[in-house]
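Participant: sequence and predicted structure, then a few things I'm wondering about:
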Amino acid sequence: MSQPEPAATPSPVLALEEVNKSFGNVRALRGVSLSLYRGEAHAIAGENGAGKSTLIKVLAGVHAPDAGTVRLDGSPVGFSGPADARDAGIAVIYQEPTLFADLSIAENIFMGRQPRRSLGRIDHSAVREATAALMRRLGVELDPDRPARGLSIADQQIVEIAKALSFDARVLIMDEPTAALTGTETARLFSVVDALRAEGAAVLFISHRLGEIFELCQRVTILRDGALVATEALDGLTEDDLVRRMVGRDLEELYPKEDTTPGPSALTVRRLTREGVFHDVSFEVRRGEIVALAGLVGAGRSEVVQAVFGVDRADAGEVEVGGRKLKSNSPTAAMDAGVALVPEDRRQRGLVMEMSIERNIALTGLDRLGKGGVVRRALERGRAADWAVRLQLKYNQLSDTVGVLSGGNQQKVVLAKWLATEPGVLIVDEPTRGIDVGTKAEVHRLLTGLAADGIAVLMVSSDLPEVLGMADRVLVMHEGRLVAEIPRAEATEESVMAAATGRGSKEAA
Amino acid sequence: MNRPLEKPLRDPSKEPSREPQQPSGQREAQGAAKEETRSARSLTDLVFRVRELSIGGALVLLVLGTWLVNPGFLDDQGVQDLLLNSSILVLLATGQSVVVLTRNIDLSVGSVVGLTAFACGSFVSGTQHSALTVVLLGTALGVLCGLVSGLLVSFGRVPALVVTLGMLYVIQGVDHVWAHGQQINAVNVPDGVLELGSGSVLGVPYLPLISALVLAATAYYLRTYRSGRELYAIGSNPEAARLAGIPIRRRVLAAYAFSGAVAGFAGALWLARFGTVVADAANGWELTVVSAVVVGGVAITGGVGTVWGAALGALLLTTIGSALVVLKVNPFWEQAITGALLLAAISTDRVVRSRTTEALRKRSRK
């Protein structure tokens, strides 16, 4: 592990030493060390669930580490909360901006730190002027007095950055700040960050877009399964090197895609529209095929599959399953027709967290587990035990609540719940988000197996390597429209991202 | 490209300043160079004031209408009655607003008023304690009740609705057991205390003056102190408030303590005003108070509204009650009207909010 240290500044502004952090039985960080120097932009790379967000939250004072030290200017610190970290000069810009929609931009920036006059009274005009000055410094025209409600994501991030500037942050941490930005907005953000760095701030940057990491940063720390893989200079590395270190195993092992011959169409979606959300979406998924629905966050992918399943209303268009038109707005009809939807948010929508494993698995087939509305416990347990073996579920007792399971095993319970309905069409929304690499490979193996058995799989995923590794075809959405359909052979990171960001929609297809 | 949108909007600095929480000095502080800022502010200002303006308007219409039918409604006695009747509700609405702003609710206030009125009554009966002692005792008792609710909500993390509903019944129960069918009689209450409820200075009764003072001080605090603004922040987005390092639990606890203090204070005033107190005094007031607050434009989901609005709401509800009596309408209508107002207020909130969001979205830079 090499540690090239900028010569001018020998000691790091902020450092982590052998930090551990667990949530329940999930070890999110295992002995991670990191040094951040003045004037450097440092990237954190890793797959979903590698521990990046936890790392940020430890630095931001949101989580206290279970073991290990956080050092600021060389001396150990124990942040008791986000305010402590902020007072130490650490600013964090989260993936989802955290603003007070009802309050003005000026109040958002200075909340809790407003300049004061005598008797501790807030100096409102100083707040306003300071905000206006920050906006000038950032070169944007945002009215300090308008409420944050209704700001675009890019502008919300500008407010967050202004907040960081307002207390002369020495360390700026950005978690996927560009996920929802257009090219110009990203360029503006980067120029602001470069200017801050030139003034001596240290920047910690997290992005799934490897190109941006190379563009903005000098060094990178790679995490995998909560452990440190390496910290090295980006000079001389290629994107492939990064991916190999992030994944840590052969791509074939992580994405065990088997070639299958697609059968007849299982799911046909025609001109599906929901006003203001998605428009005129048509596609089909054939038996034995895995089709990925890719796109940026907010492109409308989850909304489309929810409308297909009938959870959300569709204003126009139709869905056919196995050649028969599906009654709209009816999840029951969809289930009866053999469609299963494994939702994106397993804690809110996929599982009843307080219920036992066996009961969660039984939820989708209660009428088949007994007679006359009475559920027979033996049948319920039998079904759960059966699926637990098939999916290699790791658990103590089937009567444990699902809440105690790790993310990956929770996801397996959701899958079991839906696979137990013996679907002909399986829709999975972000099937491997927030689960460890080992379980991820298992889920992928399972999906491949299901496709080989003739099930049509529609997979929504923001994980580009997953999309490229698993899909027979990639459908790409951009701002509510289906803009590209790319066959496996032609799907590359570039072609998918180009379509997802609205650049040259059909050229790759 | 924002200009056409801004033109038709009224400039707040040209409006008569009817709201003290927007000191005019700040408006003047803006130079001509800040033309842009000013017009954008007028949009948001207007939105936040639509409620107060419309309630004020409704209040004026109601008073004028009733006066035309029965001129006695606005004679000296009529006005005094109106002020006296509304002052305790205004006080309670002020305390309640502070809690509601943090996205919580305090349903126990009615029973706190009842308990403190009775407790103060039994304490002073037959003695010569001063009005000040009574007020301090009532306030202290109220703070105690508020602290219990507040601790359960903030540190116990029990939903506010359940906690304060429980407190409502517990305090009511304690009050009834204690009173044991007895009541406090005005003849036993010292004159100094009764003077507080019936006396006046320059023709204005003490009670409305006290309410106005508490109201103005609370409004000033909410607007001018960090911790006051933080209450808004907590109600607007609790998660963001946590990340901004705001001590949420302490602030919520303080909000409940304040609401309790105001309710206890109101209980002492209740004794001073009526002299005769039964155990279920102010029974059912909690819902009137919450209605007043919501009608007055404090969002039940927190983060939005002013105590001025809440006070106007309280004034409106009281006036409706009095007007119905003067107009010889069956008083049972009062509840129906209050309910209808509440529904209207919440529906307009939704519409106005989505419209503003739309308008603000258009203002986001391209």
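Facilitator: That came in fine, so what should we check first? Every value quoted in this text rests on a predicted model; they were computed, and no experiment measured them.
Participant: now do the SS call for the residue in chain B that chain A sits nearest to.
Facilitator: Closest residue of chain B to chain A, C-beta to the nearest C-beta: B:G245 (2.3 Å). For glycine as for every other residue, the C-beta is placed from the backbone atoms N, C-alpha and C. Under the three-state scheme (DSSP: H, G, I helix; E, B strand; the rest coil), B:G245 adopts coil.
Participant: got phi/psi on it?
Facilitator: Main-chain dihedrals, B:G245, degrees, to the nearest 10: phi 80, psi 20.
Participant: how about A:G68?
Facilitator: Per degrees, to the nearest 10, the backbone of A:G68 is at phi 100, psi 170.
Participant: please report how far it lies from B:H129.
Facilitator: Distance of A:G68 to B:H129, given as C-beta to C-beta, to the nearest Å: 62 Å.
Participant: residue contacts, the residue of chain B closest to chain A?
Facilitator: Neighbour list for B:G245: A:81-84, A:86-87, A:112 [criterion: C-beta atoms under 8 Å, 6 or more residues apart in numbering or on different chains].
Participant: swap in 7 Å and give it another go.
Facilitator: A:81-83, A:86, A:112 (C-beta atoms under 7 Å, 6 or more residues apart in numbering or on different chains).
Participant: mind picking the two most distant members of the residues you listed?
Facilitator: Farthest-apart pair in the contacts of B:G245 is A:G81 and A:G112; separation 11.7 Å (C-beta to C-beta).
Participant: low-confidence ranges in the stretch 351-500 of chain A?
Facilitator: Under the criterion pLDDT under 70, the flagged ranges of the stretch 351-500 of chain A are A:434, A:436-437.
Participant: mind listing the helices for it?
Facilitator: Using DSSP state H, counting those that start in this stretch, the helices of the stretch 351-500 of chain A run over A:357-362, A:377-390, A:407-419, A:437-452, A:464-470, A:493-500.
Participant: what helix or strand is the residue nearest to the spatial centre of chain B on?
Facilitator: Among the residues of chain B, the one closest to the centroid is B:A93, at 1.9 Å (C-alpha atoms, centre = their mean). Following DSSP states H and E, the helix or strand that holds B:A93 is helix B:76-101.
Participant: quick one: contacts of the helix or strand immediately after that helix in the chain?
Facilitator: Sequence order places helix B:109-124 as the next helix or strand after helix B:76-101, per DSSP H and E. The contact list for helix B:109-124, computed with C-beta under 7 Å, 6+ apart, reads B:92, B:95-96, B:134, B:137-138, B:141-142, B:145, B:168, B:171-172, B:174-175, B:178-179, B:184, B:189-190, B:193, B:259-260, B:263-264, B:266-268, B:270-271, B:277, B:279-286, B:289.
Participant: buried among those? Need that as a selection in PyMOL.
Facilitator: To isolate the buried members of the contacts of helix B:109-124 in PyMOL, using 16 or more other C-beta atoms under 10 Å in any protein chain shown:
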select buried, chain B and resi 92+95+96+134+137+138+141+142+145+168+171+172+174+175+179+184+189+190+193+259+260+263+264+266+267+268+270+271+277+279+281+282+285+286+289
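Participant: list phi and psi for A:A91.
Facilitator: Taking degrees, to the nearest 10, you get phi -110, psi 140 for the backbone angles of A:A91.
Participant: list the contacts of it.
Facilitator: Applying C-beta under 7 Å, 6+ apart, the residues near A:A91 are A:163-164, A:169, A:171-173.
Participant: cutoff 8 Å now
Facilitator: If you count contacts by C-beta under 8 Å, 6+ apart, A:A91 has them with A:163-164, A:167, A:169, A:171-173.
Participant: domain ranges for chain A?
Facilitator: A:14-99+A:151-248, A:249-338+A:424-509, A:351-422 (automatic domain parsing).
Participant: distance from the chain centre to the first one, please.
Facilitator: Taking the mean C-alpha point of domain A:14-99+A:151-248 and that of its whole chain, the gap between them comes to 15 Å (C-alpha atoms, centre = their mean, to the nearest Å).
Participant: circling back to that earlier point, which ones among the contacts of A:A91 map onto strands?
Facilitator: Among the contacts of A:A91, the members falling in strands (DSSP state E) are A:171-173.
Participant: low-confidence regions, the chain specifically.
Facilitator: You didn't pick a chain, so chain A it is. Scanning chain A for pLDDT under 70 picks out A:1-10, A:25, A:48-49, A:180, A:248-252, A:434, A:436-437, A:503-509.
Participant: you answered for a different chain; I wanted chain B.
Facilitator: Checking chain B against pLDDT under 70 turns up B:1-48, B:363-366.
Participant: where exactly do the strands run in it?
Facilitator: For chain B, strands defined by DSSP E occupy the ranges B:200-201, B:204-205.
Participant: need the ones you listed in JSON lines with mean neighbour count and distance to chain A, can you?
Facilitator: Putting the strands of chain B into JSON lines (neighbours: other C-beta atoms under 10 Å in any protein chain shown; distance: least, C-beta to the nearest C-beta, whole Å) gives the following:
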{"stretch": "strand B:200-201", "mean neighbour count": "12", "distance to chain A": "28"}
{"stretch": "strand B:204-205", "mean neighbour count": "16", "distance to chain A": "28"}
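Participant: nearest to A:E344, of the ones you listed?
Facilitator: When these are compared (using C-beta to C-beta), the closest one is strand B:204-205, at 61.1 Å.
Participant: just checking: what are the partner strands of the closest one?
Facilitator: Partner strands for strand B:204-205, per DSSP bridges, with pairing direction: strand B:200-201 (antiparallel).
Participant: how far off centre is the strand it pairs with?
Facilitator: The answer for strand B:200-201 is 23 Å, by C-alpha atoms, centre = their mean.
Participant: quick one: contacts of it?
Facilitator: Here strand B:200-201 has contacts from B:80, B:206, B:209, using C-beta under 8 Å, 6+ apart.
Participant: out of the helices of the stretch 351-500 of chain A, which one sits most buried?
Facilitator: Ranked by mean neighbour count, those are led by helix A:357-362 with a mean of 26 (mean count of other C-beta atoms under 10 Å in any protein chain shown).
Participant: which strands or helices does that helix pack on?
Facilitator: Judged by 3 or more C-beta pairs under 8 Å, 6 or more residues apart in numbering or on different chains; DSSP states H and E, the packing partners of helix A:357-362 are helix A:377-390, helix A:407-419.
Participant: chain B: which of the ones you listed is closest?
Facilitator: helix A:407-419 (20.6 Å).
Participant: which strands and helices sit next to the closest one?
Facilitator: strand A:339-342, helix A:357-362, helix A:377-390, strand A:425-429, helix A:437-452.
Participant: let me know the angle separating that helix from helix A:437-452.
Facilitator: 20 degrees (axes from the mean of the first three to the mean of the last three C-alpha atoms, to 10 degrees).
Participant: just confirm A:I44 contacts A:L204, I think it does.
Facilitator: Yes: the criterion here is C-beta atoms under 8 Å, and A:I44 meets it with A:L204 at 6.5 Å.
Participant: find the residues that touch each one of these two.
Facilitator: Joint contacts of A:I44 and A:L204 (C-beta under 8 Å, 6+ apart) are A:I56.
Participant: next, A:H42: secondary structure please.
Facilitator: What three-state DSSP gives for A:H42 is strand.
Participant: neighbouring strands of the strand or helix carrying A:L293 in the sheet, and parallel or not?
Facilitator: In this assignment (DSSP H and E), A:L293 forms part of strand A:290-295. Using DSSP bridges, the strands paired with strand A:290-295 are strand A:456-460 (parallel), strand A:473-478 (parallel).
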